[in-house]
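have a look at this fold, sequence not included:
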């Protein structure tokens, strides 16, 4: 596509997020005000922060949200990091690999069944 300005033909003026990215290409006050980390104070519900160790889009977020919750809240807080890229923990791929590095089969399904479901059953249904 060439320079980013060429993408305007794919993402027009009605795409608010695209316009925001163009208007604020750096982590300026606009993005800082929208960050989650500064709002992680006095959180009451249990929180499970999930991230992927191969997330090229946001490896900073999960670690720092967890850290902020630990420091600023008196809730049950859990961090789960797996061999995933962005959002792969919620997908159902049989084979889990990043490039040519194979991590195993059904990692996301096992996480969903054994970790995520257990977390919600405990905190929402009161199961041990």
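Cool, got the structure. These numbers come from a predicted model, not from an experiment. Residues are numbered from 1 along each chain as shown.

residue 114 and residue 121, how far apart?
Distance, residue 114 to residue 121, by C-beta to C-beta, to the nearest Å: 11 Å. For glycine as for every other residue, the C-beta is placed from the backbone atoms N, C-alpha and C.

could you do residue 55 as well?
Relative to residue 121, residue 55 is positioned 26 Å away (C-beta to C-beta).

helices along this structure, start to end?
All helices of the chain, identified by DSSP state H, fall at 16-23, 29-34, 60-72, 107-111, 117-125.

format the ones you listed as TSV; extra columns: mean neighbour count.
Shown next, in TSV, are these (neighbours: other C-beta atoms under 10 Å):
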stretch	mean neighbour count
helix 16-23	12
helix 29-34	10
helix 60-72	16
helix 107-111	17
helix 117-125	12
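
and the closest residue to residue 58 other than its chain neighbours, what is it in contact with?
Of all residues not flanking residue 58 in the chain, residue 86 sits nearest, at 6.8 Å (C-beta to C-beta, 6 or more residues apart in numbering). Residue 86 makes contact with 52, 55-58, according to C-beta atoms under 8 Å, 6 or more residues apart in numbering.

show the contacting residues for the spatially most central residue of the chain.
Centrality entry for the chain: nearest residue to the mean C-alpha point is residue 51, 5.2 Å, by C-alpha atoms, centre = their mean. For residue 51, the contacting residues are 58-59, 61-63, 79-82, 84, by C-beta under 8 Å, 6+ apart.

pick the one among the residues you listed closest to residue 90.
The shortest gap between residue 90 and any of these belongs to residue 84, at 9.1 Å (C-beta to C-beta).
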